[in-house]
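# model this:
(4 chains)
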Protein chains: 4
Amino acid sequence: MSIEEGSYVLLFHNRTKKWLVKVTSEKKLHTHLGVIDIPSIIGMDYGSSFQTPLGKVIYLVKPTVHDFIMKSERRTQIVYPKDLGYIVVRAGIANGSQILEIGTGSGAITTFLASIVKPTGHIHSYDINHESISIASRNLGKAGMSEFVTLNEVDAHHGIEEKNFDVAIVDLGDPWTIVVQVYKALKESGSIVAICPTINQVEKTAIALNNGFVDIDCSEVFIRTIEAREGMTRPSMRMVGHTAYLIFGRKTADMRLPS
Amino acid sequence: MSIEEGSYVLLFHNRTKKWLVKVTSEKKLHTHLGVIDIPSIIGMDYGSSFQTPLGKVIYLVKPTVHDFIMKSERRTQIVYPKDLGYIVVRAGIANGSQILEIGTGSGAITTFLASIVKPTGHIHSYDINHESISIASRNLGKAGMSEFVTLNEVDAHHGIEEKNFDVAIVDLGDPWTIVVQVYKALKESGSIVAICPTINQVEKTAIALNNGFVDIDCSEVFIRTIEAREGMTRPSMRMVGHTAYLIFGRKTADMRLPS
Amino acid sequence: MSIEEGSYVLLFHNRTKKWLVKVTSEKKLHTHLGVIDIPSIIGMDYGSSFQTPLGKVIYLVKPTVHDFIMKSERRTQIVYPKDLGYIVVRAGIANGSQILEIGTGSGAITTFLASIVKPTGHIHSYDINHESISIASRNLGKAGMSEFVTLNEVDAHHGIEEKNFDVAIVDLGDPWTIVVQVYKALKESGSIVAICPTINQVEKTAIALNNGFVDIDCSEVFIRTIEAREGMTRPSMRMVGHTAYLIFGRKTADMRLPS
Amino acid sequence: MSIEEGSYVLLFHNRTKKWLVKVTSEKKLHTHLGVIDIPSIIGMDYGSSFQTPLGKVIYLVKPTVHDFIMKSERRTQIVYPKDLGYIVVRAGIANGSQILEIGTGSGAITTFLASIVKPTGHIHSYDINHESISIASRNLGKAGMSEFVTLNEVDAHHGIEEKNFDVAIVDLGDPWTIVVQVYKALKESGSIVAICPTINQVEKTAIALNNGFVDIDCSEVFIRTIEAREGMTRPSMRMVGHTAYLIFGRKTADMRLPS
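Numbering: from 1, shown residues only, chains lettered A, B, ... in the order given. Next comes the predicted model:
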């Protein structure tokens, strides 16, 4: 499959030197490995390689959703791949799922989930921050996911119009404040997932979920890379110590509504 | 949504006491919480609850793919949710992906990936073990994923007929022996994922992938649960120390084939 | 060195089958590996082995302090070796250190620290529970550490008579309540260490230490074992997910005393 | 206790800005927090504080062995506190222990263990690298541990003169090559500890220890810090992913010597 004008390509040298570019007829990319002439890529095959003027090899990799997310424009910390994956599995997200997202952020979770639930599933995502909505909109566009997402620049605390969601993802600083609205918007047996950087948020959210939800589960996911070399294999010396806790729950018919 | 005869329901009491049942007009389920009369569930709503003869509350939860996997019939160790999720994200699996799986096992990975790639994506899964193929077939059937998967009771070392896969998942004891066949079956820039319980497998597989693949990444994923209780929140005392290492790579145009 | 009557010996078969016994002239030890005749050990060398009536090999190992701790009589959860070690290093405990311990428990920390600070160092340990003091006293005796420890069945909140401690170890449910008393008992620049199972305790204790202490550090230590076998090396599938958080601080001259 | 000329002091501003200095009558320390006039410290108390010309508070902390190690002159990676502590506990090192160390490095382990085993215990440490021996000698001197350590600039493979060690610490690239010599130098039931950065070293060393040792245990220790702040407590985002594996074993009377 050859690369056409307008395609996205991941220029891959190594794990830390890689660039996601849109192939146009007039861009030059200046890197420490030398200047890369983007138009010269047109017509080459994905998987093939070329050398920079400095003699460094660059591979032309077809970007995945993961690449779009990791190279996305962002305003705040994105959720890490390790966390994204566990959310999908644990909440039972699948093709066709109807998703509510509260806290769009830069749209990383939105992009990833859209790639799974499309084309029959859909994501309704709420954020009160205008800049977040703009950034998310651009990131979704680049990844080709715009049509599967509705962005709402609205405070979800004031009510969520849509109903019958399979899953709700809450990425707010105070997830416990939105539990009643999420409960009402979820389908019977639907799942809630809250993303909480601090343990205090975990405690408050878990307590709130004890009303109306079962199977409540708070987890943290770690990942460590291994440097595999013949006769010298060892774990990497650096790892990420923490991103966020993930809290899951499933809606029951029993919620004691505040009087 | 009310429960009909023939539906699957997760009978949920707590994290360790839960049963996945098919609702029929004649089954009784004997549990430590008392005998549960399955036909009496027909017509109840998902999310609602009832009490067992011993006064224990059981919630009727609509099962997700995750529930089907965790409660699946199995012959060998299944891949854990934490690992499944990271495979999806890191390999860029999305709706519509064409997947090659070598080592069907009990079909847990197959079931999960089918739920994501369906209906336009498809999984071709190979296993030489007759019993594995039978068990996987039953597990896929229960989860409603049979039509999105082709099971092959064939040794993939002898050649893989289909081509142009987006992603190949290798769950064999000696993944390095199948790298050339996988290379040929993958689309340009396609991803390979190998699942390796031992570090020796990681080393050999990573060395094999250095020919024909880039962006090689070996990782291990950990998960720890948190017991959130007001004023007494702490991590769980037990955690799983190890399941498997995950190795990723992306196909390039450059493979030195064995002469 | 041959084993004498009255000596302690660790009868070691494997990691999970091992017994710490006092060699006497009349005991038989009944185990799943067969009955072991203790008097027959007298005169054998440490490091040598014998077979049980069932043909199982038992090694005669000279017990270390670690063995005494792991096989000690206990009333409550003991502190784990991983945590004990980090306490010694991080608090700068060394031969000759004067130690204050609040919360003797079963004397595991006491025993270990005594083995390091003896003979010129000393431990003053407080506990309000009579049974704890009794158990700790017996455990210290077995390990030969009694003369280096003073046990006080007294509530340390009512005042600590001794002064000028190098290090204070606090193993109470509410360590923040004892910070002022510990401050007064510590030498200039002395270290406090608090052992906290829950994160709520960590938060409260850290806040309390912000008055009068610097270099405040909260850590959790994990340990994972590796099963090393030729060509099949892998981490163990089980690990301990949590024991306790450890909080460290060093006394400054500046404490705002409560008015 | 007031600070005298010739004393060591840890000038502590925060976790990342701290300096270990010897108090002399003529040094100025240039820091980002302003110039610190060392002679002015003479006569101040440990635990007290002063302000730099830039108004930053510096505490005068009496250094522990841990401070000397963390601020030691080094040629190679030092062993981390988390690993040091576990070595002491697991190998049963205590006051009075006779220690053999093979691979002195910069003397960090040596310094720490000397602080525990002194004054009756002793460490015989071997290294073939002249510069390592020089650096270790200076580091031991600063920490006041010189008299409890004998440094040997000798290849231990050619034989170890001393016998009857309680514990041997091996910090070499190829620990399996020295197992027979260590075996001969250990007391009955004595412990060996090998420090191995790679998993390949672990596998080879564990196999070698299967001859002549029991209770073989390979572990890795992790540590994660917690940032405790009122209502915002969370683990640190960074952690060290790997330093080294630690392998333990205990000498038995049964070694099949190479013919």
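
# I'd say residue A:109 and residue A:168 touch.
No - using CB atoms under 8 Å, residue A:109 is not in contact with residue A:168, being 11.9 Å away. (Glycine included, C-beta is placed from N, CA and C.)

# list residues touching both of those two?
residue A:101 (CB atoms under 8 Å, 6 or more residues apart in numbering or on different chains).

# Surely residue A:69 forms part of a strand?
No - the assignment for residue A:69, made by DSSP: H, G, I helix; E, B strand; the rest coil, is helix rather than a strand.

# Measure how buried it is and give me the count.
Per other CB atoms under 10 Å in any protein chain shown, the neighbour tally for residue A:69 reads 27.

# Is it correct that it is in contact with residue A:112?
Yes - the criterion here is CB under 8 Å, and residue A:69 meets it with residue A:112 at 5.9 Å.

# What's the end-to-end length of stretch A:171-189?
By CA to CA, to the nearest Å, the extent of stretch A:171-189 from end to end equals 20 Å.

# Which positions within it qualify as buried?
A:171-172, A:175-176, A:178-183, A:185-189 (16 or more other CB atoms under 10 Å in any protein chain shown).

# and if you look at stretch A:231-242?
Result for stretch A:231-242 [16+ other CB under 10 Å]: buried residues A:233, A:234, A:235, A:239, A:241, A:242.

# Can you lay out these as TSV showing secondary structure?
TSV is the format used below for those (three-state DSSP):
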residue	secondary structure
A:233	coil
A:234	strand
A:235	strand
A:239	strand
A:241	coil
A:242	coil
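
# can you redo those as a markdown table with pLDDT?
Compiled in a markdown table, the buried residues of stretch A:231-242 are given as follows (pLDDT from 0 to 100):
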| residue | pLDDT |
| --- | --- |
| A:233 | 97 |
| A:234 | 96 |
| A:235 | 96 |
| A:239 | 92 |
| A:241 | 92 |
| A:242 | 95 |
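
# Determine which two of the residues you listed are furthest apart.
A:233 and A:242 (25.9 Å; CB to CB).

# Helix or strand: which one has the spatially most central residue of chain A?
When CA atoms, centre = their mean is applied to chain A, the residue found nearest the centroid is residue A:109 (2.6 Å). Assigned by DSSP states H and E, residue A:109 falls within helix A:108-117.

# Please name every helix or strand in contact with that helix.
helix A:65-70, helix A:81-91, strand A:98-102, strand A:122-126, helix A:130-142 (3 or more CB pairs under 8 Å, 6 or more residues apart in numbering or on different chains; DSSP states H and E).

# just checking, residue A:188 touches residue A:253?
Yes - between residue A:188 and residue A:253 there is a contact under CB under 8 Å: 7.0 Å.

# Residue numbers of the stretch 51-200 of chain A in contact with chain D?
A:197, A:198, A:199, A:200 (CB under 8 Å from any CB of the partner chain).

# show me the contacts for the third one.
Taking CB under 8 Å, 6+ apart, we find residue A:199 in contact with A:245, B:226, B:233, C:199, D:233, D:234.

# Go again with 6 Å.
C:199, D:233 (CB atoms under 6 Å, 6 or more residues apart in numbering or on different chains).

# now do the second one
Under the criterion of CB under 6 Å, 6+ apart, the contact partners of residue A:198 comprise D:232, D:233, D:234.

# Now narrow these to whatever sits close to chain A.
Residues of the contacts of residue A:198 in contact with chain A (CB under 6 Å from any CB of the partner chain): D:232, D:233, D:234.

# Let me know the closest of those to chain C.
When the ones next to chain A among the contacts of residue A:198 are compared for distance to chain C (CB to the nearest CB), residue D:233 wins out at 4.8 Å.

# That closest one and chain B, how far apart?
Separation of residue D:233 from chain B (CB to the nearest CB, to the nearest Å) stands at 10 Å.

# pretty sure that residue is touching residue C:203, no?
Yes - the pair residue D:233 / residue C:203 is scored as a contact, 4.8 Å apart, by CB atoms under 6 Å.

# you'd agree residue A:128 is up against residue A:154?
No - Residue A:128 is not in contact with residue A:154 according to CB under 6 Å; the separation is 7.2 Å.

# what do residue A:188 and residue A:253 both touch?
Common neighbours of residue A:188 and residue A:253 (CB under 6 Å, 6+ apart) are residue B:47.

# Which of the helices and strands packed on helix A:108-117 sits closest to chain B?
Per CB to the nearest CB, nearest to chain B of these: helix A:81-91, 2.6 Å.

# other SSEs contacting that closest one?
Where contact means 3 or more CB pairs under 6 Å, 6 or more residues apart in numbering or on different chains; DSSP states H and E, helix A:81-91 is packed against strand A:186-196, strand A:213-227, helix B:81-91.

# Same list (those) but as TSV, adding distance to residue B:118 and mean pLDDT.
As requested, the helices and strands packed on helix A:81-91 are arranged in TSV below (distance: least, CB to CB, whole Å; pLDDT from 0 to 100):
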stretch	distance to residue B:118	mean pLDDT
strand A:186-196	20	96
strand A:213-227	25	96
helix B:81-91	14	94
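
# With respect to residue A:121, which of the ones you listed lies nearest?
strand A:186-196 (12.8 Å).

# Tell me which residues touch the residue nearest to the centre of chain A, please.
residue A:79.

# Need the per-residue pLDDT for it.
Listed pLDDT for residue A:109 reads 95.

# And for whichever residue of the stretch 1-150 of chain A sits closest to chain D, the neighbour number?
Proximity of the stretch 1-150 of chain A to chain D (CB to the nearest CB) peaks at residue A:77, 9.2 Å away. Residues lying near residue A:77 (other CB under 10 Å) number 13.

# same check, this time on residue A:25
Using other CB under 10 Å: residue A:25 sits among 9 other residues.

# Which of the three states applies to the nearest residue to it once chain neighbours are set aside?
Counting by CB to CB, 6 or more residues apart in numbering or on different chains, the nearest residue to residue A:25 once its immediate chain neighbours are dropped is residue A:39, at 5.1 Å. Of the three states, residue A:39 takes helix according to three-state DSSP.
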